[in-house]
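Asker: Whatever this is, show me its structure:
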Amino acid sequence: MLALGLFLVMTAGTVLWVSMRNAASTSSIGLEAQKELLISDMVSAVQVEAERAGAFAGQIPGMGAMEGGDSMESMAGRTETSGMSTDGAPGDMAEGDMSEMGTSGQVVGGLLADDPGLLVAISSFGEAAGSLTQLTSDSEQQAFEGVIAAHNDFVASLVALDGRVQSGQDAMSFYHGNTQVLEAGLRASLQDLQLSSSVLLQSAVEEVASTEPLLRWAVPLLLLAGIVATVYLVRMQATRRRVATLEHLIDAKGEFIATVSHELRTPITAIVGFADLLQESGAELTPSDRAQMVSVIAEQSGEISAIVEDLLVAARTDIGELTVAAVPVNLRAQTAQVLETLDQNQSIAVHGQAPKALGDPARVRQILRNLFTNAKRYGGDHIRVELGSHSDGLASLVVTDDGDPIPVEDRERIFEAYQRAHNQLGVTRSIGLGLAVSRRLARLMGGDLTYRHQNGQSIFELSLPVAEPTNLESHQRAAALAAADAR
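Answerer: Predicted coordinates:
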């Protein structure tokens, strides 16, 4: 588990690192491409400026005026776009571009008045330089400032060249000895900028290309590891739940075996003891003593039989093989029979009368035996039985006692198998099947068994359908079908 966790962390860290590098390289590609475009604009502007300088120096005849379809109207549009006015006044030129040119009036009166295309080129260079300034890193600032200074010197030489042309001086010598030299230096500086940007662009492209294979393998690997980890964790959780369930079942099994052994040991000890006494000393005992011992043996045998019967009912119910009869049952007569068997008729009072119920007499007695035993073991000293009926067609038998109430959170749990609500000192623990089996039997017969605490009384109520002809026929048919299915 630890190794899987470390693998996931390392894989995720690798993917994150590569992704960040890839994102940075991709951003660098866009930045360097934008810088190259701006440098290309600056080179184009210098090309136009050089052509205009040659024209004015007489080096390129006919270039003094605009050629090739650049009409004054189209140039005016370009100058407006570039931030220049069509009357030849400078617009928003890059700060410092004209610092070496002398007075602006000298420019307006000379080159710019005759050739607005030159003003457009100067303005384009300034705009590109301004944009490039915002993209240039600190390490590139010195080279870039050198390019701007070289361009200012070149423009200043154009102004000086214009002055020589206007005054009739030797412009050609000045052009070759000054303007062309400055132009060559400016072009060399621009080429250095282009080369530097190209190197950075190529490096960024190679970086992206180098990380692509790693991303192609790392991301699917991370996803696969995540799926494996998820499946592993789900299986581990399921295994832990199964282990916890098995441990609970093992503990419950051990407790169940111990409880059943204790429950059976008490009556078996009495039966064996009295049987041995009767066998060894029966002739010496009085008839009254022998009768009392036989009665105890019979009573304890009945207790064992009841425990075994509850176990059998629980097992057969779990596998769906338990069936019940559907015949009229006299609840008062069944109550009297159970109380007589339990020898408790002197302590439990029976009141009221109920209509005949529809059910299985043997199962009804099993339910009553469990209710009376439960009341005597855990209830108070005053136990009573109330017989009656409900308006919804159910016969009712209620067993009440004045013992301590069952906690609210346990009032449904007591009807689950092998569950107990009381663990009182000095009271024999039951196996926790009586109430669970009783409710199952009641519901198989179409009724129910419930618990409530009301007016200081703990109340267990058994309800069964009234044995009307229609109910009797339908339940008999259902019982016959259930018996047939069981076979």
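
Asker: alpha carbons only for contacts and neighbour counts from here, please
Answerer: Fine.

Asker: Which helix runs longest in the chain?
Answerer: helix 180-281 (DSSP state H).

Asker: Quick one: list the elements packing against the following helix or strand past that one.
Answerer: On the C-terminal side of helix 180-281, the closest following helix or strand by DSSP states H and E is helix 287-318. Under the contact criterion of 3 or more Cα pairs under 8 Å, 6 or more residues apart in numbering; DSSP states H and E, helix 287-318 touches helix 180-281, helix 434-444.

Asker: related to what we said a few turns ago, please state the offset of the longest helix of the chain from the chain centre?
Answerer: The chain centroid and the centroid of helix 180-281 are separated by 14 Å under Cα atoms, centre = their mean, to the nearest Å.

Asker: same question, stretch 273-283
Answerer: The chain centre lies 73 Å from the centre of stretch 273-283; the measure is Cα atoms, centre = their mean.

Asker: Stretch 326-337 too?
Answerer: 58 Å.

Asker: ends of that stretch, how far apart?
Answerer: End-to-end span of stretch 326-337 (Cα to Cα, to the nearest Å): 19 Å.

Asker: Now do the longest helix of the chain, average pLDDT.
Answerer: Averaged over helix 180-281, pLDDT sits at 79.

Asker: for that helix, packing partners?
Answerer: Against helix 180-281 (3+ Cα pairs under 8 Å, 6+ apart) you get helix 2-56, helix 141-167, helix 287-318.

Asker: so who does the residue in the chain sticking out farthest from the centre touch?
Answerer: Residue farthest from the centre of the chain, counting by Cα atoms, centre = their mean, is G168 at 86.8 Å. Listed by Cα atoms under 8 Å, 6 or more residues apart in numbering, G168 has no contact partners.

Asker: pLDDT score assigned to it?
Answerer: pLDDT at G168 comes out at 72.

Asker: before we move on, back to that, quick one: the longest helix of the chain to helix 287-318, angle?
Answerer: Using axes from the mean of the first three to the mean of the last three Cα atoms, to 10 degrees, the direction of helix 180-281 lies 150 degrees away from that of helix 287-318.

Asker: Just name the most buried of the helices and strands packed on helix 180-281.
Answerer: Mean neighbours per residue, mean count of other Cα atoms under 10 Å, is largest over the helices and strands packed on helix 180-281 for helix 141-167, with a mean of 20.

Asker: Give the next helix or strand downstream of it.
Answerer: In N-to-C order, the element after helix 141-167 by DSSP H and E is helix 171-174.

Asker: any low-confidence regions in the stretch 251-400 of the chain?
Answerer: 252-253, 255-256, 259, 262, 343-346 (pLDDT under 70).

Asker: thinking again about what came up before, can I get the helices and strands packed on helix 180-281 in JSON lines including distance to G434?
Answerer: As requested, the helices and strands packed on helix 180-281 are exported to JSON lines (distance: least, Cα to Cα, whole Å):
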{"stretch": "helix 2-56", "distance to G434": "49"}
{"stretch": "helix 141-167", "distance to G434": "94"}
{"stretch": "helix 287-318", "distance to G434": "7"}
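
Asker: any idea which of those helices scores lowest on pLDDT?
Answerer: What stands lowest among these, in mean pLDDT terms, is helix 2-56, with a mean of 74.

Asker: what number of residues lie near A244?
Answerer: The tally of other residues near A244 (other Cα atoms under 10 Å) stands at 12.

Asker: got it, and A395?
Answerer: 24.

Asker: And for V234?
Answerer: Counted with other Cα under 10 Å, V234 comes out at 12.

Asker: now the longest helix of the chain against helix 141-167, angle please.
Answerer: 160 degrees.

Asker: quick revisit: return the most buried member of the helices and strands packed on helix 287-318.
Answerer: helix 434-444 (a mean of 23).

Asker: next SSE after it?
Answerer: strand 448-454.

Asker: Which elements pack onto that following strand?
Answerer: helix 434-444, strand 457-465.

Asker: could I get these as CSV with distance to P287 and mean pLDDT?
Answerer: Shown next, in CSV, are these (distance: least, Cα to Cα, whole Å; pLDDT from 0 to 100):
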stretch, distance to P287, mean pLDDT
helix 434-444, 36, 91
strand 457-465, 41, 94
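
Asker: these two touch, right, A395 and K356?
Answerer: Yes: counting by Cα atoms under 8 Å, K356 is a contact partner of A395 at 7.3 Å.

Asker: between these two, what contacts are shared?
Answerer: V466.

Asker: and G352, how many neighbours?
Answerer: When neighbours are counted by other Cα under 10 Å, G352 comes out with 11.

Asker: give the contact list for it.
Answerer: Contacts of G352 by Cα under 8 Å, 6+ apart are 386-388.

Asker: And it, how far from G393?
Answerer: Distance, G352 to G393, by Cα to Cα: 17 Å.

Asker: Over to P267?
Answerer: P267 is 41 Å from G393, where distance means Cα to Cα.

Asker: Now A354: phi and psi?
Answerer: phi -120, psi 150 (degrees, to the nearest 10).

Asker: That one is in contact with A395, isn't it?
Answerer: Yes: taking contacts as Cα under 8 Å, A354 lies within contact range of A395: 6.0 Å.
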